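Q: Sequence below, structure please.
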Amino acid sequence: MLNEVRKFLSGFTMLTNEEREIIVDNTNIREYKKGDVILREGQMAKECYMVLKGLIREYYIVDGEEKTTNFFMEMEPVNSFSSRKNNKPSKHFLVCAEDCAVTVSTNSLEAEMCRLIPRLESIIRDAVEKETGKMQEEMANFITTSPEDRYTQLMNEKPELLNRVPQHQIASYLGVKPETLSRIRKRLLTAK
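A: Residues are numbered from 1 along each chain as shown. A predicted model of the protein is given here:
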């Protein structure tokens with residue numbers, strides 16, 4: 001798994017090979033089984049993750065029903081900012097939808113890495129800003145497009161997700177009932 005971390009870090013050309021190896025040497029990897037809960041509603045998030053292998057689902061429970069709000073695939077960060085940075089209990093769950101291997105980071109590890117590699121702080125800030133922008137776009141897209149458009153976009157941008165996740169979770173993620181998703185899929189198939 002450390003080779004996956006090295007491959008990921010190779011994209012950060014502003015880091016030297018020595019700096020990348022410092023990060024690799026301090027990388028903590030944890031493995032989870034499908035169904036393992038990484039964070040429960042009401043828990044304080046103390047860690048953040050990056051998925052090396054597998055898939056993590058984020059969901060809320062609303063009126064007794066799971067509402068899927070995100071999926072995190074390989075090389076995507078997983079963070080509960082609202083809990084971890086604000087020191088508040090989580091309002092959502094993070095659960096492994098597949099067997100997973102993730103990097104695990106804490107505030108103290110991040111601080112130590114920034115002490116060892118001072119410019120890492122600006123690199124992290126840039127990455128967080130990009131992720132925040134991506135989340136803003138996803139939220140705006142969810143609000144301004146139809147469920148059919150959201151499904152089409154998902155097919156185009158993350159087609160592998162459709163084969164890795166049960167359809168009722170895809171429906172929840174798109175904000176529709178499973179029956180509605182079935183009608184959307186049928187309509188799109190007959191339109192081809």
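Q: Enumerate every residue touching the nearest residue to T106 once chain neighbours are set aside.
A: Distances taken as CB to CB, 6 or more residues apart in numbering place E47 nearest to T106, at 5.6 Å, with adjacent residues excluded. Heads up, the C-betas are built off the backbone N, CA and C, glycines and all. E47 is in contact with R84, V104, S105, T106, counting by CB atoms under 8 Å, 6 or more residues apart in numbering.
Q: Can you give me the distance of the third one to R84?
A: Using CB to CB, to the nearest Å, one obtains 10 Å as the distance from S105 to R84.
Q: Quick check: neighbours shared by those two?
A: Counting by CB under 8 Å, 6+ apart, the contacts common to S105 and R84 are E47, C48.
Q: Identify the bridge partners of the residue most central in space within the chain.
A: Closest residue to the average C-alpha location of the chain: F72 at 3.0 Å, with CA atoms, centre = their mean. Beta-bridge pairing for F72 (DSSP bridges): I56.
Q: For it, give me its contacts.
A: F72 touches V51, L55, I56, R57, E58, V78, counting by CB under 8 Å, 6+ apart.
Q: Of these, just say which sits nearest to V24.
A: V24 has its nearest neighbour among the contacts of F72 in V51, at 16.8 Å by CB to CB.
Q: Settle this for me: T180 is touching P147, isn't it.
A: Yes: here T180 reaches P147: they are 6.6 Å apart, a contact under CB atoms under 8 Å.
Q: By mean pLDDT, point me to the weakest helix or strand of the protein.
A: helix 81-84 (a mean of 87; mean pLDDT, DSSP states H and E).
Q: need the strands for this structure, in chain order.
A: According to DSSP state E, the chain carries its strands in the segments 28-32, 37-39, 48-53, 56-62, 65-72, 77-78, 93-96, 100-105.
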